[in-house]
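> Sequence plus the predicted model coming up.
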Amino acid sequence: MQRVFLGMLAGAVSTKVLTVVKALIDFIYYAQLQSHTTRTLDAMQAALDTFHAHKQVFVDLDIREHFNIPKIHSLQHYVDGIRRLGSANGYNTESPERLHIDFAEKAYRASNRRDYTEQMALWLQRQEAIALRSAYIQWYHNEQNSASDESDTDSSDSSDDAGSPSGMPRVIVRLPPTQLPTTAYKIAKSPAVENVTVAYLQTAHSAQNIIPALANFLKLHFKSSPAPGIYDRFDIFTQISLILPRNRYLSDQPRSSRIRAIPPVPAKSRSAAKPAVFDTALVIEDPSQYVPSSGMTGLHPAQIRVIFKLPPQFGTYSHPLAYIEWFTPLKKPDPVSGMFTTHRSTRNHTRNSAVISVEHIKKRKCSMLIPMYM
């Protein structure tokens, strides 16, 4: 909900209300970071200051009478707490909810439902005693196993050291895990649908200009290939997963983002009909001008209509291809919402389209489009 909340309100509420909402959402997202710098903490404090400076609008509009709310008051302690104790990404309602199950619900079920408070306290005390005893037994077994392992290692090391040329003990260097490349993707080994006609792509995928777009791609990469026509067949995929680079502020694990190009599925037997899904993404329009560290510079929003393999009669390409429809370039974001605005790009009264390599699709999660109602 947080991802679309600001976009839902943009244009529907006053500028003052939107400023307060954006400031609070910014604060919430900054508070979720698992790693902080002085810059992120300053931005977090600035978002909170903006919220307090403009929150009076909710009182003026008779939405609230006051802001004497404990959770609102606690926000002012976040920045100082993070500076002293570390990030707060692990604090949420899941922890107390889990404790409520372990320490309240299970304890109550173990009682006879009469004078249950004393029975619950006794049950918890016994559970703690069992946990402590189990931990001690586990520690004792680990100590015994480590002692026997050390004796075996010492005997083997003495023989190895004696036979080594330098007489020095061996040193085992533990290398850090290799980093994933900044750009990668996963796709199915086999296409979802094979031998698809151009007419099907134009109807089911609304890929009206796939033939001229593919012709432009072939002129650039395969100058001697034959021209594509309406009788050519294509093998298509329904989705591709982008492997996004690690972001130390969000997670130590690599993140993935799925891009779908799925035509509508009609109702069949007991299965209900499913609407079409053609995701939008940020695409590199000119690889020679794209700089990964430049933010949105060089990236262009587009809708993915078809993901397909290049038919063998045109040549061999190392990556799957995508037929896309461009949106207009992103310029300056809105000063209040911070969101970019765009619309369909047209050329000669038809949608501006192209065929690109899927390796030029860079981002998906931040490229969700929300209708702008006037």
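Looks like it arrived, so ask away. Quick caveat: nothing in here was measured; it's all calculated off a predicted structure.
> doesn't Ala47 make contact with Leu24?
Yes - under the criterion of C-beta atoms under 8 Å, Leu24 is in contact with Ala47, at a separation of 7.5 Å. (Glycine included, C-beta is placed from N, CA and C.)
> would Ser288 count as being in a helix?
Yes - for Ser288, which was evaluated using DSSP: H, G, I helix; E, B strand; the rest coil, the result is membership in a helix.
> Quick one: residues contacting Thr328.
Remark: with contacts taken as C-beta atoms under 8 Å, 6 or more residues apart in numbering, Thr328 is in contact with Thr342, His343, Arg344, Ser345.
> Buried ones among those residues?
Buried positions within the contacts of Thr328, assessed by neighbour count (16 or more other C-beta atoms under 10 Å), are Thr342, Ser345.
> Could you export the contacts of Thr328 to JSON lines, including columns for pLDDT and distance to Gly295?
Formatted as JSON lines, the contacts of Thr328 follow (pLDDT from 0 to 100; distance: C-beta to C-beta, whole Å):
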{"residue": "Thr342", "pLDDT": "90", "distance to Gly295": "16"}
{"residue": "His343", "pLDDT": "91", "distance to Gly295": "22"}
{"residue": "Arg344", "pLDDT": "93", "distance to Gly295": "24"}
{"residue": "Ser345", "pLDDT": "93", "distance to Gly295": "21"}
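> what's the closest of the contacts of Thr328 to Tyr136?
Comparing the contacts of Thr328 against Tyr136 with C-beta to C-beta picks out Thr342 as the nearest, at 63.0 Å.
> List of residues touching stretch 31-46?
Contacts of stretch 31-46 with the rest of the structure, by C-beta under 8 Å, 6+ apart, involve 26-27, 30, 78-79, 82-83, 87-89, 248-252.
> Quick check: next helix or strand after the helix or strand of the chain with the lowest mean pLDDT?
Taking mean pLDDT, DSSP states H and E as the measure, the helix or strand of the chain with the lowest value is helix 94-100, at a mean of 70. Beyond helix 94-100 in the direction of the C-terminus, DSSP states H and E gives the next helix or strand as helix 106-109.
> list the helices and strands that following helix packs on?
If contacts are counted by 3 or more C-beta pairs under 8 Å, 6 or more residues apart in numbering; DSSP states H and E, helix 106-109 sits against helix 116-163.
> Quick check: closest non-adjacent residue to Phe314.
The shortest distance from Phe314 to any residue other than its chain neighbours is 4.5 Å, reached at Ser225 (C-beta to C-beta, 6 or more residues apart in numbering).
> so what's that neighbour up against?
Contact criterion C-beta under 8 Å, 6+ apart gives Leu218, Gln313, Phe314, Gly315 as the residues in contact with Ser225.
> could you check the distance from it over to Lys16?
According to C-beta to C-beta, to the nearest Å, Ser225 and Lys16 sit 59 Å apart.
> And for Tyr323?
Counting by C-beta to C-beta, the gap from Tyr323 to Lys16 is 44 Å.
> of these two, who's got more company?
Tyr323 (27 against 16; other C-beta atoms under 10 Å).
> Spit out the contact partners of the more buried one.
Taking C-beta under 8 Å, 6+ apart as the criterion, Tyr323 is in contact with 201, 205, 207, 210, 213-214, 304-306, 308, 353-355.
> Which member of those is positioned nearest Leu99?
After measuring those against Leu99 - C-beta to C-beta - the closest member comes out as Ile304, at 44.3 Å.
> Okay, now the unreliable bits of this protein?
Within the chain, the stretches falling below the threshold (pLDDT under 70) are 1, 90-96, 148-183, 252, 293-294, 364-367, 373-374.
> could you pull out the helices for it?
In the chain, the helices defined using DSSP state H lie at 2-9, 15-31, 38-54, 56-60, 70-74, 78-85, 94-100, 106-109, 116-163, 198-204, 210-221.
> closest one to Arg270 among the ones you listed?
With distances scored as C-beta to C-beta, the stretch of those nearest to Arg270 is helix 198-204 (22.5 Å).
> quick one on the thing from earlier: want to throw the helices of the chain into JSON lines with distance to Ile262?
Listed next are these as JSON lines, based on distance: least, C-beta to C-beta, whole Å:
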{"stretch": "helix 2-9", "distance to Ile262": "21"}
{"stretch": "helix 15-31", "distance to Ile262": "30"}
{"stretch": "helix 38-54", "distance to Ile262": "37"}
{"stretch": "helix 56-60", "distance to Ile262": "42"}
{"stretch": "helix 70-74", "distance to Ile262": "41"}
{"stretch": "helix 78-85", "distance to Ile262": "41"}
{"stretch": "helix 94-100", "distance to Ile262": "33"}
{"stretch": "helix 106-109", "distance to Ile262": "44"}
{"stretch": "helix 116-163", "distance to Ile262": "49"}
{"stretch": "helix 198-204", "distance to Ile262": "10"}
{"stretch": "helix 210-221", "distance to Ile262": "17"}
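> For Ala261, find the nearest of those.
Nearest of the helices of the chain (C-beta to C-beta): helix 198-204, 10.3 Å.
> by contact count, what packs against the closest one?
On the basis of 3+ C-beta pairs under 8 Å, 6+ apart, helix 198-204 makes packing contacts with helix 210-221, strand 233-237.
> most neighbours per residue, which of those?
For those, the largest average neighbour count (mean count of other C-beta atoms under 10 Å) is found in strand 233-237, namely a mean of 19.
> mind checking how far that one is from the chain centre?
Taking C-alpha atoms, centre = their mean, to the nearest Å, one finds strand 233-237 lying 28 Å from the centre of the chain it belongs to.
> Now do the contacts for the residue nearest to Glu359 when sequence neighbours are not counted.
If you skip the residues right next to it in sequence, Glu359 has His319 as its closest partner in space, 5.1 Å away by C-beta to C-beta, 6+ apart. Residues in contact with His319, defined by C-beta under 8 Å, 6+ apart, are Ser357, Val358, Glu359.
> Could you do Glu194 as well?
Residues touching Glu194, when contacts are defined by C-beta under 8 Å, 6+ apart, comprise Asp235.
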